[in-house]
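[1] got a structure for you, letters missing:
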Ligand code: SF4
Ligand code: SF4
């Protein structure tokens, strides 16, 4: 991937907002990759968890918005349990999701869930899914 | 009988009634009455991870406030009922069964305890409730079994030892992560292992005991969640497990109910029963209310083949 860095991106409002919502210092991550190695969902992600945070560090808002990865995170907390830098990636990813959701854009359409599935799903699954993926 | 405040949460009242029934019956046999919290509300299921969002902490904190007001009511009525106390007697205890509720209540309480600014905002927002400063300690039933009842006391009450049953304990995520709220070692928990050994079962270890089952991704991406579940189940089976012992209704959906979907994707996959630890506890204590007829998977044939169930 070609990456174009500009001072505007590096020090722009996107980085500030992600740090504010997540409460994390993005530059605390030193790209060891341990988060991606243990992530149960990384097998299906188009960019890996450590790449998500790298792009966030660099202010690459559009690249992150194009990727599916933040919508595949299951908030399992494995990454933060293992991060040698104590950087809470689950919070960074939540912040990235919220930047979309807060524009009142849903990431899933609840009405498309088949009725038979709805009847079987435990409430904690539904409530969590709607909390993480709808505005 | 010792009383213990109990927060059930939504799923225990519907999809996981067998989890609740077997837990209440077992605890009562062990001398602890689970007293359901009056007027509890949904805790929000998944803890909100945004720093600038306090409104999603209202639901869990309101439940903790209910525990506090309930306790002061009991105290002022002088009912002389003996409640299970935390080692720090200033803390009031509430037990959960659902790991999602456990995680959400416990983490929300950390905000109240550690962030005075947010605590004040929450208190002034909930102006009809009494002020709350984090006095309630949320615990999980597995902690009560380990720390308050104790393995020896449980062993003495076992009437039907689970001899010959080979189980793999599975912990999932929310009881052991993040570290601040973990009921056990984050990478190598043993509490379910110890409980199963105490009940007489043979316990096998497998590397995915703390791997995420796919969680709520089964709503939006069922195929993906089924892949993670398949990995967990087959790895446990390869270690010789005949059943996977669970503590979470969402794990039971992903690892139990979704076995149908897994079989469609992996023809060679053979099913494996996924009972809750409380069901095996109730069985070993010789109780009727095990609820084996109501799970997403059926453990009865396996238990009958071991002569543990008629
Ligand atoms: S484990 Fe932590 S430091 Fe390492 S790449 Fe992931 S977020 Fe960065
Ligand atoms: S919290 Fe998300 S990114 Fe982190 S390990 Fe779990 S699924 Fe992967």
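    Right, received. Where do you want to start? This one's a predicted model, so the numbers in the text were calculated from it and none came from an experiment. Ligands and ions are numbered 1, 2, ... in the order given.

[2] which element is residue B:186 on?
    Residue B:186 is part of no helix or strand, with elements assigned from DSSP states H and E.

[3] need the pLDDT of it.
    Residue B:186 is assigned a pLDDT of 96 by the prediction.

[4] just give me the longest helix of chain A.
    Counting residues, the longest helix found in chain A (DSSP state H) is helix A:89-101.

[5] check which element follows that one along the chain.
    helix A:115-120.

[6] who are the packing partners of that following helix?
    Packing partners of helix A:115-120 (3 or more CB pairs under 8 Å, 6 or more residues apart in numbering or on different chains; DSSP states H and E): none among the helices and strands. All C-beta spots, glycine's among them, are computed from the backbone N, C-alpha and C.

[7] hmm, who's touching that helix?
    Outside helix A:115-120, the residues that touch it by CB atoms under 8 Å, 6 or more residues apart in numbering or on different chains are A:126, B:15, B:219, B:222, B:253, B:257, B:296.

[8] and which of those residues is nearest ligand 2?
    Using CB to the nearest ligand atom, residue B:219 comes nearest to ligand 2 of those, at 14.8 Å.

[9] what is the mean pLDDT for stretch B:93-110?
    Here the average pLDDT along stretch B:93-110 is 98.

[10] where exactly do the helices run in chain B?
    B:17-29, B:55-77, B:99-114, B:116-125, B:141-143, B:151-157, B:191-198, B:217-220, B:222-238, B:249-252, B:259-265, B:277-284, B:300-305.

[11] pull out the buried residues from the fourth one.
    I take that to be helix B:116-125. Residues B:119, B:122-123 are the ones in helix B:116-125 that count as buried (16 or more other CB atoms under 10 Å in any protein chain shown).

[12] enumerate the residues of chain A near ligand 1.
    Counting by CB under 6 Å from any ligand atom, the residues of chain A close to ligand 1 are A:29-35, A:50, A:53, A:83-85, A:87, A:89.

[13] what score does the residue nearest to residue B:231 when sequence neighbours are not counted have for pLDDT?
    Nearest non-adjacent residue to residue B:231, counting by CB to CB, 6 or more residues apart in numbering or on different chains: residue B:208, 6.5 Å away. The model reports residue B:208 with a pLDDT of 97.

[14] any figure for the gap between residue B:208 and residue B:259?
    From residue B:208 across to residue B:259, the span is 16 Å (CB to CB, to the nearest Å).

[15] again, but for residue A:44
    In terms of CB to CB, residue A:44 sits 20 Å off from residue B:259.

[16] pick out whichever of those two has more residues nearby.
    More crowded of residue A:44 and residue B:259, by other CB atoms under 10 Å in any protein chain shown: residue B:259, with 22 against 16.

[17] and the closest residue to that one other than its chain neighbours, its phi and psi?
    Of all residues not flanking residue B:259 in the chain, residue B:271 sits nearest, at 5.1 Å (CB to CB, 6+ apart). Per-residue torsions, residue B:271: phi -60, psi 160 (degrees, to the nearest 10).

[18] do the same with the one 3 residues further on
    Backbone torsions of residue B:274, given as degrees, to the nearest 10, read phi -130, psi 70.

[19] which non-adjacent residue is nearest it?
    residue B:256 (4.0 Å).

[20] how about stretch B:137-147: buried residues?
    B:137-146.

[21] may I ask which helix or strand of chain B has the lowest mean pLDDT?
    Of all helical and strand segments in chain B, the minimum by mean pLDDT, DSSP states H and E falls on helix B:55-77, at a mean of 90.

[22] run through who's touching that helix.
    A:131, B:5, B:7, B:37-44, B:47-48, B:50, B:81, B:83, B:92, B:94, B:104-105, B:107-109, B:111-112, B:118, B:122, B:125-126, B:129-130, B:132, B:134-136, B:138.

[23] which part of the stretch 1-150 of chain B gets nearest to ligand 1, residue-wise?
    For the stretch 1-150 of chain B, the residue closest to ligand 1 is residue B:49, as judged by CB to the nearest ligand atom, at 14.7 Å.

[24] against residue A:51, how distant is residue A:26?
    According to CB to CB, residue A:26 stands 13 Å off from residue A:51.

[25] so those two - more neighbours on which side?
    It is residue A:51, of residue A:26 and residue A:51, that has more neighbours when counted by other CB under 10 Å, with 22 against 18.

[26] one step back: burial count for the spatially closest residue to the residue of the stretch 1-150 of chain B closest to ligand 1 that is not a sequence neighbour?
    Distances taken as CB to CB, 6+ apart place residue A:94 nearest to residue B:49, at 3.9 Å, with adjacent residues excluded. The tally of other residues near residue A:94 (other CB under 10 Å) stands at 25.

[27] tell me the confidence at residue A:94?
    We have a pLDDT of 98 for residue A:94.

[28] likewise for residue B:89?
    Value listed for residue B:89 in the pLDDT field: 57.

[29] count of residues packed around residue A:75?
    Count around residue A:75 with other CB under 10 Å applied: 25.

[30] most neighbours, which of the contacts of helix A:115-120?
    Neighbour-wise, the contacts of helix A:115-120 (other CB under 10 Å) top out at residue B:253, 28 neighbours.

[31] pLDDT at that residue, what is it?
    Listed pLDDT for residue B:253 reads 97.

[32] likewise residue A:3?
    So residue A:3 comes in at 79 (pLDDT).

[33] how far away is it from residue B:40?
    50 Å.

[34] higher neighbour count, the two?
    Using other CB under 10 Å as the criterion, residue A:3 and residue B:40 rank with residue B:40 on top: 19 against 10.

[35] for the residue nearest to the spatial centre of chain A, which residues are in contact?
    Nearest to the geometric centre of chain A sits residue A:93, at 2.4 Å (CA atoms, centre = their mean). Residues counted as contacts of residue A:93 (CB under 8 Å, 6+ apart) are A:49, A:52, A:70, A:73, A:75.

[36] want to try CSV for those, with pLDDT and secondary structure as columns?
    Listed next are the contacts of residue A:93 as CSV, based on pLDDT from 0 to 100; DSSP: H, G, I helix; E, B strand; the rest coil:
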residue, pLDDT, secondary structure
A:49, 98, helix
A:52, 98, helix
A:70, 97, helix
A:73, 98, coil
A:75, 97, coil
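
[37] among these, who's most crowded?
    Among the contacts of residue A:93, residue A:49 has the most neighbours (other CB under 10 Å), with 28 neighbours.

[38] list the contacts of that residue.
    Applying CB under 8 Å, 6+ apart, the residues contacting residue A:49 are A:35-36, A:39, A:42, A:69, A:73, A:79, A:89, A:93.

[39] where does pLDDT dip in the chain?
    As the question left the chain open, I've gone with chain A. A:1 (pLDDT under 70).

[40] that answer is for a different chain, and I need it for chain B
    Along chain B, the parts satisfying pLDDT under 70 run over B:78-90.

[41] ok so, going back, ok, and of the contacts of residue A:49, which contact ligand 2?
    Near ligand 2, judged by CB under 6 Å from any ligand atom, the entries from the contacts of residue A:49 are A:35, A:39, A:73, A:79, A:89, A:93.
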